[in-house]
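**Student:** Compute the structure for the input listed below.
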Amino acid sequence: MTTNHPRIDFHTLVPNVWQAMLGLERASREGLDHSLLELVKIRASQLNRCAFCLDMHTKDARKAGESEERIHLLSAWEEADGYYTERERAALALTEAVTVLTDGFVPDEVYERAARHFPDEELARLLAAIVTINAWNRIAVTTRKQPGTYQP
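**Tutor:** So this is what the prediction gives:
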């Protein structure tokens, strides 16, 4: 069985990369609804099995006023009728498609669904936010960043 001890302190070893990631994070979230962003970050982190990011973003979502029901039902959002708006559902579908890339592409219907709910610039920022949380997940999972220490 693998133990989950932290491996390296990424942000100390490559502070310029860390700062660039923080810059991408800040730029991608401009103009997007905070609650929507937290839902996207939680869903991508569930798919990527990133405990650190799940801990962080569920805490941030709660602090921002997100309900426990919506947080708990997020892994089954498609079946949770009435809990998420059509706009949120479109963002979550895009999040899953970009995160998983099962067939090596994002299906047209998923992209078009998102495009109906987000103007081009907002859609581009949403895509950047999805790409960014996936990068954060991969850093945290690879370095075995430990959950539980983050405070909003």
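**Student:** Which of the helices or strands spans residue 105?
**Tutor:** Element membership for residue 105, per DSSP states H and E: none, as it lies in no helix or strand.
**Student:** Compute the number of surrounding residues for it.
**Tutor:** Using other CB atoms under 10 Å, residue 105 has 10 neighbouring residues. In short, each C-beta sits where N, CA and C put it, glycine included.
**Student:** per-residue pLDDT, it?
**Tutor:** Here, the pLDDT recorded for residue 105 equals 87.
**Student:** how about the residue nearest the centre of the chain, secondary structure?
**Tutor:** What sits nearest the mean C-alpha location of the chain, by CA atoms, centre = their mean, is residue 41, with 1.9 Å. With DSSP: H, G, I helix; E, B strand; the rest coil as the basis, residue 41 sits in helix.
**Student:** correct me, but it touches residue 53?
**Tutor:** Yes - counting by CB atoms under 8 Å, residue 41 touches residue 53, with 6.7 Å between them.
**Student:** between those two, what contacts are shared?
**Tutor:** Listed as contacting both residue 41 and residue 53 by CB atoms under 8 Å, 6 or more residues apart in numbering are residue 133.
**Student:** picking up where we left off before, next, the contact list for the residue nearest to the centre of the chain, please.
**Tutor:** Residues near residue 41 by CB under 8 Å, 6+ apart: 53, 57, 60, 129, 133.
**Student:** How about residue 28?
**Tutor:** Residues counted as contacts of residue 28 (CB under 8 Å, 6+ apart) are 125, 128-129, 131-132.
**Student:** let's see 10 Å
**Tutor:** Residues near residue 28 by CB atoms under 10 Å, 6 or more residues apart in numbering: 37, 124-133.
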